[in-house]
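Visitor: When you get a sec, could you give me coordinates for this:
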Amino acid sequence: MDSSRVMEYLMEVEVAAEDVLSDKQQIVDLDGKRNRNREAMNALRNSASENDKVKVCFGSMFIKFPKENVKSMIQKDQEQLDQEINDIRKRLKAKVNHLNDLQGKPEIKGYNLSPLSSEELKAINSVLRR
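Guide: Just a heads-up that it's a prediction; the model follows:
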């Protein structure tokens, strides 16, 4: 092997590894935001009155909104974050497999498994109860 081909291979592996690491870091960052949203929802639930307006920070400003509007905004943000995290995790599996292929490692067994849906779980439970 000549040195240019080795360098090309190493660069390709490094780019793939960097891509995997950046996706993992993005998941960690989104999960942190999801946890902050969860804390905010708990604080709203535990507050004294239902009709109060609450202050919400947007950038460098605090704006008063009705509590119910804030709850719905946070809930929508949670759903969006969950979707983004799931999408990144799906892409991450393919990227890890690509990295393993580049490094000559065997494919990870069981890595492409997905959980049963609620309908599938109900069907299995009904079959087992017979």
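
Visitor: remind me which residues of the protein are low pLDDT?
Guide: In the predicted model of the chain, residues 1, 48-51, 111 satisfy pLDDT under 70.

Visitor: Could you name the helices and strands sitting against the helix ranked longest in it?
Guide: In the chain, taking DSSP state H as the definition, the longest helix is helix 3-46. Secondary-structure packing of helix 3-46 (3 or more C-beta pairs under 8 Å, 6 or more residues apart in numbering; DSSP states H and E): helix 67-103. C-beta: built from backbone N, CA, C; applies to glycine.

Visitor: Can you give the strand pairings for the next helix or strand after the longest helix of the chain, parallel or anti for each?
Guide: Under the assignment DSSP states H and E, the closest C-terminal helix or strand after helix 3-46 is strand 53-58. If you go by DSSP bridges, strand 53-58 pairs up with strand 61-66 (antiparallel).

Visitor: Send me the partner strand as PDB with only the CA atoms.
Guide: Taking C-alpha atoms only, strand 61-66 is exported to PDB below (Å, rounded to 0.1, in the frame of the first residue of the first chain):
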ATOM      1  CA  MET A  61     -36.300  38.800  27.200                       C
ATOM      2  CA  PHE A  62     -38.800  37.600  29.800                       C
ATOM      3  CA  ILE A  63     -42.400  37.700  28.600                       C
ATOM      4  CA  LYS A  64     -45.600  36.900  30.600                       C
ATOM      5  CA  PHE A  65     -47.800  34.200  29.100                       C
ATOM      6  CA  PRO A  66     -50.800  32.400  30.400                       C
END
